[in-house]
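> Have a look; sequence and predicted model below, questions after that.
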Amino acid sequence: MQDAIWVHLVTAVGEGDTKKGILDMMADSSGVVLGVLVLLLLASAASWFVIGYKFIYLFRAQRESATFLDTFWQSKRLDAIYQSADTFKRSPVSQVFKAGYVELTKLKGQEDGSKTMSGALGGLENVERALRRASTAEVTQMESLIPLLATVGSTAPFVGLFGTVWGIMNAFVNINNLSAGEVSLAVVAGPIAEALIATAVGLFAAIPAVVAYNYFLNRIKILGAEMDNFSADFLNIVKRHFLK
């Protein structure tokens, strides 16, 4: 009786030792499935780095832009605003103002054509081009690294699916090589579950990347609109004082 109980306990412990969790299955993966898992984990790590970096960057850009706009409308002299703009290096609006102000000071320093209407209009076009170039440069800077999120979000599910298909295919090939008596649910379930992990990891990498991509594009669109509105207001101020 005692021998039977002992054999039962040993068998139960042996079965407990064979149980595997998700991390164990990932560690035991090999071949193409392992390569897919490593690739997806690296892509997920890269996307999370971009998410953290861009979140902080755009948060500072929006906060400093709001502060700069308050400073701009409360000040009465453009040169004083230009001096204070260096404290708002993360603000795209302040960088647009600096580009416009630098072009405006160049026009003020010119003697020929500065007192004629055609010369003034040509000068305003130069200021407008400087504002537009600065806005484009700032948008390009804000959009840097964002395409990586789009790439991960669009390709990670398919890469994971490829790993799953490959793993299931190998599982069935191995099952086909077994005899009828050796095939059981335990033999089939393990390799298939291991293969399905690749799809889960692909979705884990893709979903945050897609959400962050759409969020960042919306924030960049708002900041771009603020730069456009500021450029229009700055040109109106220049017209009132430059063409009088």
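Okay, I see it. Residues are numbered from 1 along each chain as shown.

> And the nearest residue to Gln141 once chain neighbours are set aside, its phi and psi?
Excluding its sequence neighbours, the residue lying closest to Gln141 (CB to CB, 6 or more residues apart in numbering) is Pro92, at 7.7 Å. (Glycine included, C-beta is placed from N, CA and C.) Dihedral pair for Pro92: phi -70, psi -30, per degrees, to the nearest 10.

> Spit out the contact partners of Pro92.
By CB atoms under 8 Å, 6 or more residues apart in numbering, Pro92 lies in contact with 61, 65, 135, 138-139, 141-142, 223, 226-227.

> If you count contacts, what does the longest helix along the chain end up packed against?
Scanning the chain for the helix with the most residues, using DSSP state H, yields helix 185-242. Packing partners of helix 185-242 (3 or more CB pairs under 8 Å, 6 or more residues apart in numbering; DSSP states H and E): helix 22-28, helix 31-74, helix 92-108, helix 117-142, helix 146-176.

> count of neighbours near Ala99?
Residues lying near Ala99 (other CB atoms under 10 Å) number 21.

> Does it touch Glu128 like I think?
No. Between Ala99 and Glu128 there is no contact under CB atoms under 8 Å: 10.8 Å.

> quick revisit: the contacts of Pro92: which two are farthest apart?
Gln141 and Glu226 (14.9 Å; CB to CB).

> Which of these two has more residues huddled nearby?
Ranked by neighbour count (other CB under 10 Å), Gln141 and Glu226 place Glu226 first, with 20 against 13.

> contacting residues around that one?
For Glu226, the contact set (CB under 8 Å, 6+ apart) comprises 65, 69, 92-93.

> want to throw those residues into a markdown table with distance to Lys239 and pLDDT?
Listed next are these as a markdown table, based on distance: CB to CB, whole Å; pLDDT from 0 to 100:
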| residue | distance to Lys239 | pLDDT |
| --- | --- | --- |
| Ser65 | 23 | 93 |
| Leu69 | 20 | 92 |
| Pro92 | 23 | 94 |
| Val93 | 19 | 93 |
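
> Let's have these in TSV, adding distance to Phe204.
Shown next, in TSV, are the contacts of Glu226 (distance: CB to CB, whole Å):
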residue	distance to Phe204
Ser65	34
Leu69	40
Pro92	33
Val93	37
